[in-house]
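Colleague: coords please:
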Amino acid sequence: MRQFSVRALLAPAVLAAAIALAGCDADSISPSGRALAPLSEKMKATIAEKNMDVGSPILARIFKEEAEMEIWKKNRDGEFTLLKTYPICKWSGDLGPKKREGDRQAPEGFYTITPGQMNPASNYYLAFNTGFPNAYDRAWGYTGSELMVHGDCSSRGCYAMTDEQIQEIYALARESFLGGQKEFQLQAYPFRMTALSMARHRNNPNFAFWRMLKEGYDDFEATHQEPKVAVCEKRYVFDAVPPEGSTQPLSFDPRGACPVYRLDPTIADAVLDHRRQEQEKMASYIASGVDTVPFRTGIDGGTNPVFLAKLSTRTEDGRVYQINASGPDAPGALPHTPSVAPVKVAAAPTSAAPEELGSVPTPQPTERSAPPQKLANLTGFIDNLLSQPAEAKPTAEKVAPEAKRKPAAPIRVAAPATRPALTALQPKLVKNAAPRTPTPAPKKEEPPQLRTAYAPQPADPVLPGAQPMLQAGSFTSFR
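Modeller: Reported below is the predicted structural model:
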């Protein structure tokens, strides 16, 4: 009962902080809203199996090249353990850090997520702000705003998940905040920073920046503890503590000189040993001539392969849509795109007499109607038939019995139901038809293309079929 009371008091406080920063209407957030959706029983069971508590702290890691997001959670032994890996539906830009507003780059580096950065009223289902620019980014003068992790599978500088995924990630963060965690760390990397991956990307202009990030990556890999991050001399510093015997706390100026510090002695042995092993492996890979990854520019992000396998395309009204292939093993449903039922056209009879054709319902013209050239020929034939003198009309011996008419009765042609019968006569009479200008055949549409990470950027670089993006600039856009 006490736990329920604490949660009842904390939940509105957490949401209030998020709402205040997002600038949204608090009345729009109801207790049954998606921001308060409970964790699934399956997730709760997984947390219990991994010796964790629902309210224990979390840590997130993102890898661009692999298009994956990891959620780690602290277990009862005090170490972070991998809870779940989520395939990223879409990230934009290229490998490398974000440097300026509008470059479409998703950020790389170490960021801090507080309750105030959670957006329960995002136009992209749910979202949280990465906190870009951080102290390191500002030291270099990098610009940009509202770089999010959100739903809706559409990205312009963000990391986009599916709605189902972001709902679960949001709930995990919410439960950790309610459990007492004041902020959680988001580590955003270009790729999994193993020795082999570093060797393969050694020719990239961002390599020096990535070697700096790898120090924090290695600290976490060696200890499974959240690395303490600081910035001085426009570079990241990890797990720094005052020199031995000093009683003064360290003070870091992102643009100024670094203070005298040392690596935290409680983890120094494990960290330094892991760093040494990684450096030796990387040197070995480079000496063996491992192939490098070509440096590319102008690409537009990537999508996890599991989504490429689940996506299909459809063309309607000249527009290309991408839709999620249904199935129980789908990684997460994409935003729904309304479908249009196909028009069924009854096939016209081919051997009925003119009298019988008059009772057949006439289908409405559709895209499957006869080509324009055939219609032109048929029109010419009808005009010619009606304008011929009596002696030029076909005699009974030249016309099939079912096509005979009484001499005194006028010729009546039912359009378009009489097309098959009249077409049968066309080879004999079309030579006298008035000349017609052929109608050009309709332009063949190009088959829809499914974009990948290294495909040329289209005119509108938004994932087809996704919701339109809003101009970034402030939380009033409700991202």
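Colleague: ok, which stretches of the stretch 201-350 of the chain are helices?
Modeller: With helices called from DSSP state H, counting those that start in this stretch, the stretch 201-350 of the chain shows them at 207-223, 265-287, 305-310.
Colleague: export the longest one as CSV, just CAs?
Modeller: Extracted as CSV, the C-alpha positions of helix 265-287 are listed here (Å, rounded to 0.1, in the frame of the first residue of the first chain):
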residue,chain,number,x,y,z
PRO,A,265,41.7,3.6,-8.7
THR,A,266,38.7,1.3,-7.9
ILE,A,267,38.4,0.5,-11.6
ALA,A,268,41.8,1.4,-12.9
ASP,A,269,43.2,-2.1,-13.2
ALA,A,270,40.3,-3.5,-15.1
VAL,A,271,40.0,-0.5,-17.4
LEU,A,272,43.7,-0.2,-18.2
ASP,A,273,44.0,-3.9,-18.9
HIS,A,274,41.0,-3.8,-21.2
ARG,A,275,42.3,-0.8,-23.1
ARG,A,276,45.7,-2.4,-23.5
GLN,A,277,44.1,-5.5,-25.0
GLU,A,278,42.0,-3.5,-27.4
GLN,A,279,45.0,-1.5,-28.6
GLU,A,280,47.0,-4.6,-29.2
LYS,A,281,44.1,-6.2,-31.2
MET,A,282,43.6,-3.1,-33.3
ALA,A,283,47.3,-2.9,-34.1
SER,A,284,47.3,-6.5,-35.1
TYR,A,285,44.3,-6.0,-37.4
ILE,A,286,45.9,-3.0,-39.1
ALA,A,287,49.2,-4.9,-39.5
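Colleague: what does that helix rub up against?
Modeller: The contact list for helix 265-287 (Cβ atoms under 8 Å, 6 or more residues apart in numbering) reads 194-196, 198-200, 202, 214-215, 218-219, 221-223, 225, 239, 241, 262-263. In this view, the C-beta of every residue, glycine as well, is placed from N, C-alpha and C.
Colleague: quick one: it to helix 207-223, angle?
Modeller: Using axes from the mean of the first three to the mean of the last three Cα atoms, to 10 degrees, the inter-axis angle of helix 265-287 relative to helix 207-223 is 130 degrees.
Colleague: buried residues, helix 265-287. List them.
Modeller: Of all the residues in helix 265-287, those buried under the rule 16 or more other Cβ atoms under 10 Å are 267, 270-271, 274-275, 278, 282, 285.
Colleague: lowest-pLDDT helix or strand in this structure?
Modeller: helix 354-357 (a mean of 38; mean pLDDT, DSSP states H and E).
Colleague: and the helices in the stretch 1-150 of the chain?
Modeller: Under DSSP H, counting those that start in this stretch, the stretch 1-150 of the chain gives helices at 2-22, 41-49, 135-139.
Colleague: who touches Ala37 in this structure?
Modeller: Ala37 neighbours (Cβ under 8 Å, 6+ apart): 167, 171.
Colleague: using PDB, list the CA coordinates for stretch 33-53.
Modeller: Taking Å, rounded to 0.1, in the frame of the first residue of the first chain, the C-alpha atoms of stretch 33-53 are listed here in PDB:
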ATOM      1  CA  GLY A  33      -2.500   7.900 -21.700                       C
ATOM      2  CA  ARG A  34       0.300   6.100 -23.500                       C
ATOM      3  CA  ALA A  35       2.900   7.900 -21.300                       C
ATOM      4  CA  LEU A  36       1.600   5.900 -18.400                       C
ATOM      5  CA  ALA A  37       1.100   2.600 -20.200                       C
ATOM      6  CA  PRO A  38       2.400  -0.200 -17.900                       C
ATOM      7  CA  LEU A  39       5.200  -2.600 -18.700                       C
ATOM      8  CA  SER A  40       4.100  -5.800 -20.200                       C
ATOM      9  CA  GLU A  41       4.000  -9.000 -18.100                       C
ATOM     10  CA  LYS A  42       6.700 -10.400 -20.400                       C
ATOM     11  CA  MET A  43       9.000  -7.500 -19.800                       C
ATOM     12  CA  LYS A  44       8.400  -7.700 -16.000                       C
ATOM     13  CA  ALA A  45       9.200 -11.500 -16.200                       C
ATOM     14  CA  THR A  46      12.400 -10.700 -18.100                       C
ATOM     15  CA  ILE A  47      13.500  -8.200 -15.500                       C
ATOM     16  CA  ALA A  48      12.900 -10.700 -12.700                       C
ATOM     17  CA  GLU A  49      14.800 -13.400 -14.500                       C
ATOM     18  CA  LYS A  50      17.800 -11.100 -14.800                       C
ATOM     19  CA  ASN A  51      17.900 -10.400 -11.100                       C
ATOM     20  CA  MET A  52      16.700  -6.800 -11.500                       C
ATOM     21  CA  ASP A  53      14.000  -4.600 -10.000                       C
END
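Colleague: now Met69. Nearest residue, chain neighbours left out?
Modeller: Tyr86 (4.6 Å; Cβ to Cβ, 6 or more residues apart in numbering).
Colleague: how many neighbours does the one you found have?
Modeller: By other Cβ atoms under 10 Å, 22 other residues sit near Tyr86.
Colleague: quick one: it and Tyr159 touch, right?
Modeller: No - assessed by Cβ atoms under 8 Å, Tyr86 is found out of contact with Tyr159, at 10.1 Å.
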